[in-house]
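Chemist: Sharing a sequence plus its predicted fold:
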Amino acid sequence: MQRLLIFHPQQGLRKNLPSGFQPRQSEEFTWLDLVQPAPAELDLLTDLFHFHPLAVEDCRHPHYRPGIAQYDEYAFLTLRCVKAGQRSLTTALNVFLGPRYIVTVHQEELEFVTKLWRQYSQDPQLFQKGTDFILYSLLEPLTETFFTFFDRTEGKIEYLEEEVFRRPTRQILNQVFTLRRQAIKLRKILGAQRDILNLLAYPEFKLVKPENRVFFLDIYNEMLRLIDQVETFHDLASSTLEIYLSLTSNRLNEIMKVLTVITTIMMPLTLIAGIYGMNFRYMPELEWRYGYFTVLGVMAMLAGVMLFFFRRKGWF
Amino acid sequence: MQRLLIFHPQQGLRKNLPSGFQPRQSEEFTWLDLVQPAPAELDLLTDLFHFHPLAVEDCRHPHYRPGIAQYDEYAFLTLRCVKAGQRSLTTALNVFLGPRYIVTVHQEELEFVTKLWRQYSQDPQLFQKGTDFILYSLLEPLTETFFTFFDRTEGKIEYLEEEVFRRPTRQILNQVFTLRRQAIKLRKILGAQRDILNLLAYPEFKLVKPENRVFFLDIYNEMLRLIDQVETFHDLASSTLEIYLSLTSNRLNEIMKVLTVITTIMMPLTLIAGIYGMNFRYMPELEWRYGYFTVLGVMAMLAGVMLFFFRRKGWF
Amino acid sequence: MQRLLIFHPQQGLRKNLPSGFQPRQSEEFTWLDLVQPAPAELDLLTDLFHFHPLAVEDCRHPHYRPGIAQYDEYAFLTLRCVKAGQRSLTTALNVFLGPRYIVTVHQEELEFVTKLWRQYSQDPQLFQKGTDFILYSLLEPLTETFFTFFDRTEGKIEYLEEEVFRRPTRQILNQVFTLRRQAIKLRKILGAQRDILNLLAYPEFKLVKPENRVFFLDIYNEMLRLIDQVETFHDLASSTLEIYLSLTSNRLNEIMKVLTVITTIMMPLTLIAGIYGMNFRYMPELEWRYGYFTVLGVMAMLAGVMLFFFRRKGWF
Amino acid sequence: MQRLLIFHPQQGLRKNLPSGFQPRQSEEFTWLDLVQPAPAELDLLTDLFHFHPLAVEDCRHPHYRPGIAQYDEYAFLTLRCVKAGQRSLTTALNVFLGPRYIVTVHQEELEFVTKLWRQYSQDPQLFQKGTDFILYSLLEPLTETFFTFFDRTEGKIEYLEEEVFRRPTRQILNQVFTLRRQAIKLRKILGAQRDILNLLAYPEFKLVKPENRVFFLDIYNEMLRLIDQVETFHDLASSTLEIYLSLTSNRLNEIMKVLTVITTIMMPLTLIAGIYGMNFRYMPELEWRYGYFTVLGVMAMLAGVMLFFFRRKGWF
Amino acid sequence: MQRLLIFHPQQGLRKNLPSGFQPRQSEEFTWLDLVQPAPAELDLLTDLFHFHPLAVEDCRHPHYRPGIAQYDEYAFLTLRCVKAGQRSLTTALNVFLGPRYIVTVHQEELEFVTKLWRQYSQDPQLFQKGTDFILYSLLEPLTETFFTFFDRTEGKIEYLEEEVFRRPTRQILNQVFTLRRQAIKLRKILGAQRDILNLLAYPEFKLVKPENRVFFLDIYNEMLRLIDQVETFHDLASSTLEIYLSLTSNRLNEIMKVLTVITTIMMPLTLIAGIYGMNFRYMPELEWRYGYFTVLGVMAMLAGVMLFFFRRKGWF
């Protein structure tokens, strides 16, 4: 699907492509948004905008790792936002940023792009703030998707930590591992996006106007915070695993103590019973009047002594 | 709650907001302190001081990660101090530092701010040292909260280390994990605050007067010390966990040895008793005069040999 | 085997070595490709091209670690690509890059070199893009070999992760270890190749023409992506190992619980049976009418109580 | 305790404080050494030397982390040396270094300071080498205390490594943990002292004369060596722990094998004996002439087969 | 032992010390080699060459950590090579490098020094390449000693990895730990030597002639390769340990399964036998005609059911 906005301060907004229109030479502001673009729509990038073939190729198969490439007068960005409910957790947003034009390409419908789109359709004067401000307006909610995801993660980790203490099961374990795997992958993405924003906020980066730089610095700082968070999550998930292992090992000890106490008490008694079950002709005790009760008493005493001994050693 | 101090070397101290007062244009020194501010009070930051909306927004929902943002002629700091007895362990202090005005915003009552406030109310000549000196006077006790917390932590770690050697329980384990989790989080906060102080102590940072720079350098060094401490705590907590695991594993071996010794001694004896408990018609030993006593003797001997053997292998 | 291409814009392509030909002084473009070169063929590097003996020596025994060495007017590169189905996983490609000549040396037949070779044979005008473009055209499929390998690895890791959860066997374990070992080794190779590409994409590197620099930057970015991937693989493989250990430890607990439950229930019953198997003359219970059934009932009850107790403790 | 040396090339040495003496304005060389100073003695630092209050405060409660602070014309150092037989392992040495005066403050009697003191008392011409040379003469034996300590540590680690292989006990474990804890703490101290010496050996550091710089570079290199050593110790201690855990886990396997072999052999035999101990009226085997001996033979054969089977599986 | 070469382009080679000879002022090339020097021989360094006392002291007790110290016109290097069959694995080579003189000191006979010595004795014209070329000619085989050692290590690691999978014993474990300990120590040495070679290959380092710099760069690159290798070895050794632990833990599970299966099957059968071994007067089953065979049948069935159940759970 393709959506186009062309804005001229005097002539106002147009939504269709005028014939012979050259966005890169034009004085007008252009925003082209391609959602799940058909191959023919992607050809616009080459035919209309004359973007570098390597960059256009990247739009077709967006990289997993965010990045920025600078060409003569425009820059090409690969960004990623969290898009939950999916196998891959994140989805890519490709952006071509020029002085008076911006092109956004994404393989999935993104709510925050649609929302911004409506806003610009209704209030086209916003274009006067520049294409870099459009980029900022996209980056802001894109960063927000991470914060939203991490808020949920935070609650989940605390839940898992308590749960692991209460009852360490394989399901809990599985969730902790999933969480850590996500942290490993998001850490890489956020690290790359931090580097991109560092570059965007640089005075040397000409496509961002000086008065807008502070906005990108703000996003840069939010990236730093996100990285802090994701690292903390990774550490906490690893820590939860260690808790799990410590508790399992602790629990094994408890189980083995029970087993050992039972075995140690029962075996000698069984032996005694076995001895007096032997069929020797001459076993004087068997003839005793109170032999049976004596043996029972001895057994009880033996068990008592052993229980006392284990208790003192703190085994139960 | 809002508290205001306006000081003029000649005209002395005022505590109420004069109408038409422009703190950022005024020659007077201004200190505005907002404690658990109502939304209307936070509007002062925009209406009276014309601070950047992004910064004011941060006061409403202070970030977890300390940071500094520099605007035209003022700087905005997010700091954190330890405030024990709470879920989140730390609480935020936001500061706007201008050449002749300082605004502090915090969501919780902070004792050291109140104390400094009283001091400045009673001795307003202190304002002449500059707003940067007020910032230093806040940073000093703020750093102290970490030192106080770490002093307690130090004792706790030593206690836990000894305890884990004496009797490794789940409660001890839980405390060690809590402590390490705190270390992970405080490390991030202190790292960010060190970076802030590095910036404040820079000659290029104009809001700090050259003669006051040494004070910020001192706080910077204290931050380095705190980071050293918190890293050492993390390492020691991890080390305590390893002690726990090593001891548990050692203890498991001890338990299993007991179990194995008991089983190995008792089972053959029980077998012998079982054999002479069989009801075969022709079992010559059963008829022997001293068969019973011979068997008892053999049993005792067997047990003795096995005990000797285990003793030599060092199993008990 | 040796393959030679000499191209002159006017005179076209030659494939044999003209006598007295001095490739380093000539105006013509020269590409010499040595596949599994015999010692005599390697002597060409010294006799014909007068390359530095240290570099020629490296062609004989290519280093494991990719590297670049710059000589007066040419550079010597050691690169590595994945060549599966082999003991060492990767194979070396040595390149001498001069302003108008390029020499490639490899100990194994490489498909992508052969392919490029045919392309240049058929369309020799490609030489006009420069020898640096030949290097790029080699680097592109060389990088691709890693991507292809990693695509397979990605599927394998996901398979192993699921498998380890389903049924942790030694074979799975072995595969995880192999995978991590490969990640350790490929990480080193890719790190070195990233450094090489960083150098090639530098404006100071004169052998790459400014208009071609963007291609090397693209490969550089792909190297960064590969490193990200290989690090993620290493982390995921380590994580899979931890899953394995956690599950094994979990499973051990399950096994021990079964053992303990069985032992704890059976031993006291066996003791009771043993007691009533004793041959004392005076054992009143033995004479009771319903003694036998009472004992059976007591046994069943005892077993029931213990089962109930273990169930409540959540042991099965 | 306070010890004072004032030296003038012409007028020689004095050991008492002349009235009205201004050490910081004087042409004479001054060395003031304060050992376990009383509060009144520490006031000399403020009253006589006019040192910065923050520095004097640090002398009262020396920091754990070595550091350096530069003031107008003097520098303040906090150093640490190993002082064994104590709870904290190290003790602090504070030094004020001026162009013609040096003040050393320490809370414990340090042998190497006393020794240097005697040397300077007897041969006051040494003062002509400058106060920086006094600092070097203190740093030299201070570094030596670490080397001496590490020499002992080295032997200890090797002993522990062998011991852990021979007989892993809790006492050994405890010593390894103590050693690693010391390594963690000393690493931090040495890292900070390396940074200090890096600064002292800098050409920009004016208090060290160019001809003496090489001495500080030498100490700097010794610090690097100490850091290498302490890191190696940490790694070796951690490695010893892993040996311990591996061996414990190995030993557990051995124990469990013994238990399993015994149980597996004894239980079926006991069952057979139990079967022929049943009191059924019709059990044909019981009437056989050689029934008893047949059963004994079957038992022996069964045990033999199982032993053979375990042997082949390599269990003992 | 001391060996001396003095070479003059016109006057040729001398091997004895001419009286009044001043090597540091002379136009001649001098190479002094001290092998296991007696104290008197070391005095030559001070008396004849006037080297700095700190450097001469280092020759007596060479440091473990390689290093370089630059003096007015000469440099002092401490290098290390692998010298197998020894307790400490490496041995030191001290070198004083001057513009026209070189002094090598080593406490052990080194084959490659002796070989180079013979070469220079026979072909003294080699001196014309400069003393820096002598240093290179020493560094080349010195680096080779590491490569030779690592080649053997590589085979050993692969052997251990396979062995650990086949049969994890304590001996294997011991070898892996030894190997990792060596890697820890060699990593430190190689890191320091890389830094030294980085310095030697610097254009600012005047003692190396520009035309020889490429040789030192080559050694520098070999050091990088060695560091890569030693780090890979460390990682692989650690990985082998993890394999060991995983397998041990896996094996423990196997053992415990055998124990549990045996116990679970045998105990109920033994209980049944015990029950019918009781001596109650009224036990109806005992009177049954086929009671005995029924019980045997029940036992067999019970065992069969349990075996089937364990098989389905995949326990054997």
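Modeler: Arrived safely, thanks for sending.
Chemist: tell me the centre residue of chain A?
Modeler: residue A:182 (3.4 Å; Cα atoms, centre = their mean).
Chemist: Leaving out the residues flanking it, which one is nearest to that one?
Modeler: Distances taken as Cβ to Cβ, 6 or more residues apart in numbering or on different chains place residue A:89 nearest to residue A:182, at 6.2 Å, with adjacent residues excluded. Quick note: C-beta positions are derived from backbone N, CA and C, even for glycine.
Chemist: What pLDDT is listed against that neighbour?
Modeler: With respect to pLDDT, residue A:89 scores 87.
Chemist: any idea how far it lies from residue A:179?
Modeler: Residue A:89 is 11 Å from residue A:179, where distance means Cβ to Cβ, to the nearest Å.
Chemist: who's more crowded, these two?
Modeler: residue A:179 (19 against 16; other Cβ atoms under 10 Å in any protein chain shown).
Chemist: Isn't the more buried one up against residue A:156?
Modeler: Yes - if you go by Cβ atoms under 8 Å, residue A:179 and residue A:156 touch, sitting 6.7 Å apart.
Chemist: for the helix or strand residue A:303 falls within, packing partners?
Modeler: Secondary structure from DSSP states H and E places residue A:303 in helix A:291-312. When contacts are defined as 3 or more Cβ pairs under 8 Å, 6 or more residues apart in numbering or on different chains; DSSP states H and E, helix A:291-312 packs onto helix A:213-275, helix A:284-287.
Chemist: thinking again about what came up before, element containing the residue nearest to the centre of chain A, please.
Modeler: Per DSSP H and E: helix A:170-200 holds residue A:182.
Chemist: What mean pLDDT does that helix get?
Modeler: Averaged over helix A:170-200, pLDDT sits at 88.
Chemist: okay, the angle between that helix and helix A:213-275?
Modeler: Going by axes from the mean of the first three to the mean of the last three Cα atoms, to 10 degrees, helix A:170-200 is angled at 160 degrees with respect to helix A:213-275.
Chemist: Of all the residues in helix A:170-200, which ones are buried?
Modeler: For helix A:170-200, the neighbour count (16 or more other Cβ atoms under 10 Å in any protein chain shown) marks A:172-173, A:175-177, A:179-197, A:199-200 as buried.
Chemist: Run a quick neighbour tally on residue A:111.
Modeler: 10.
Chemist: How much space separates it from residue A:103?
Modeler: For residue A:111, the distance to residue A:103 equals 19 Å [Cβ to Cβ].
Chemist: shouldn't the residue nearest to the centre of chain A be in contact with residue A:88?
Modeler: No - between residue A:182 and residue A:88 there is no contact under Cβ under 8 Å: 10.7 Å.
Chemist: Now do the same contact list for the residue of the stretch 1-150 of chain A found nearest chain C.
Modeler: Across the stretch 1-150 of chain A, the shortest distance to chain C (Cβ to the nearest Cβ) belongs to residue A:65, at 4.6 Å. Residue A:65 makes contact with A:78, A:188-189, A:192, C:224-225, C:228 under the criterion Cβ atoms under 8 Å, 6 or more residues apart in numbering or on different chains.
Chemist: and residue A:13, which of the three is it?
Modeler: Assigned by DSSP: H, G, I helix; E, B strand; the rest coil, the conformation of residue A:13 is strand.
Chemist: isn't it right next to residue A:5, touching?
Modeler: Yes - between residue A:13 and residue A:5 there is a contact under Cβ under 8 Å: 6.4 Å.
Chemist: Overlap of the contact sets of those two?
Modeler: Common contacts of residue A:13 and residue A:5 (Cβ under 8 Å, 6+ apart): A:121, A:124.
Chemist: Domains in chain A, by residue range?
Modeler: Following automatic domain parsing, chain A resolves into domains at A:2-247, A:255-313.
Chemist: Residue A:32: which element?
Modeler: If you go by DSSP H and E, residue A:32 is part of strand A:29-35.
Chemist: would you put the C-alpha positions of the helix or strand just after that strand in PDB?
Modeler: For strand A:29-35, the following helix or strand on the C-terminal side (DSSP H and E) is helix A:39-47. Taking Å, rounded to 0.1, in the frame of the first residue of the first chain, the C-alpha atoms of helix A:39-47 are listed here in PDB:
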ATOM      1  CA  PRO A  39       7.500  -4.900  -5.900                       C
ATOM      2  CA  ALA A  40       6.100  -2.300  -8.300                       C
ATOM      3  CA  GLU A  41       5.700   0.100  -5.400                       C
ATOM      4  CA  LEU A  42       9.300  -0.400  -4.300                       C
ATOM      5  CA  ASP A  43      10.400   0.500  -7.800                       C
ATOM      6  CA  LEU A  44       9.300   4.000  -7.100                       C
ATOM      7  CA  LEU A  45      12.300   4.300  -4.800                       C
ATOM      8  CA  THR A  46      14.600   3.800  -7.800                       C
ATOM      9  CA  ASP A  47      12.600   5.400 -10.600                       C
END
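Chemist: What values do phi and psi take at residue A:8?
Modeler: Backbone torsions for residue A:8, taken as degrees, to the nearest 10, come to phi -120, psi 130.
Chemist: er, residue A:130 I mean
Modeler: Residue torsions, per degrees, to the nearest 10, at residue A:130 are phi 100, psi 160.
Chemist: Once you drop chain neighbours, what's closest to whichever residue of chain A sits closest to chain B?
Modeler: Relative to chain B, the nearest point of chain A is residue A:274 (3.2 Å; Cβ to the nearest Cβ). The spatially closest residue to residue A:274, leaving aside those adjacent along the chain, is residue B:273, at 3.2 Å (Cβ to Cβ, 6+ apart).
Chemist: Count residues in the vicinity of the one you found, would you?
Modeler: Residue B:273 has 25 nearby residues by other Cβ under 10 Å.
Chemist: Residue A:151 too?
Modeler: By other Cβ under 10 Å, 11 other residues sit near residue A:151.
Chemist: In a helix, it, correct?
Modeler: Yes - Residue A:151 forms part of a helix when assessed by three-state DSSP.
Chemist: Would you check how far apart it and residue A:166 are?
Modeler: The spacing between residue A:151 and residue A:166, counted by Cβ to Cβ, is 23 Å.
Chemist: what helix or strand does the residue in chain A that chain E sits nearest to sit in?
Modeler: Nearest to chain E in chain A, going by Cβ to the nearest Cβ, is residue A:277, at a distance of 6.8 Å. Counting by DSSP H and E, no helix or strand carries residue A:277.
Chemist: Let me see the contact set for residue A:181.
Modeler: Per Cβ under 8 Å, 6+ apart, neighbours of residue A:181: C:236, C:239.
Chemist: Kindly provide the distance from it to residue A:187.
Modeler: The value you get for residue A:181 to residue A:187, if Cβ to Cβ is used, is 11 Å.
Chemist: Kindly report the same for residue A:205.
Modeler: 25 Å.
Chemist: Equivalent analysis for residue A:315, please.
Modeler: Distance of residue A:315 to residue A:187, computed by Cβ to Cβ: 45 Å.
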